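1. sequence unknown, structure follows:
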């Protein structure tokens, strides 16, 4: 015991296997425990970094998919606008055609009425010519 105290004063200690050590057994055990804790912490940190990298990759993929769908939606919207404009232009053309045909119909009606009057006048003239004979 006296030898152990003298060695302890010199900073030397015996461990549980009676090997001579520079560190006290408790300090050596705490150091070993700390080393294990640090290893476990580093392992967990690496695992966490892998999870974060996986999550980041997933978010990037989703962002690309969202962007792609957004572009498709914009394309579809533009196509619909284009179709609507085409229909509007077609409708205007047809309205113009209808107006033109109505004017033509009115001209034909006036011309027909004039021809009917001429026919009536000519029939009257023929009738008078026949009665004179």
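-> Cool, the structure landed. These figures come from a predicted structure and were not determined experimentally.
2. from here on, just use CA atoms for contacts and neighbour counts.
-> Will do.
3. check the gap between residue 132 and residue 46 for me.
-> 127 Å (Cα to Cα, to the nearest Å).
4. hmm, I typed the wrong one, I wanted residue 55.
-> For residue 55 relative to residue 46 (Cα to Cα), the value is 14 Å.
5. re the thing from before, looking at residue 132 and residue 46, which has the bigger crowd around it?
-> Ranked by neighbour count (other Cα atoms under 10 Å), residue 132 and residue 46 place residue 46 first, with 12 against 7.
6. which element is that one on?
-> Per DSSP states H and E: residue 46 is located in helix 25-132.
7. how far away from the center of its chain is that helix?
-> Helix 25-132 sits 15 Å away from the centroid of its parent chain (Cα atoms, centre = their mean, to the nearest Å).
8. what's the mean pLDDT across it?
-> Average pLDDT, helix 25-132: 95.
9. which strands or helices does that helix pack on?
-> Applying 3 or more Cα pairs under 8 Å, 6 or more residues apart in numbering; DSSP states H and E, one finds that helix 25-132 contacts no other helix or strand.
10. center of the protein, which residue is that?
-> Nearest to the mean C-alpha position of the chain, by Cα atoms, centre = their mean, lies residue 70 at 2.6 Å.
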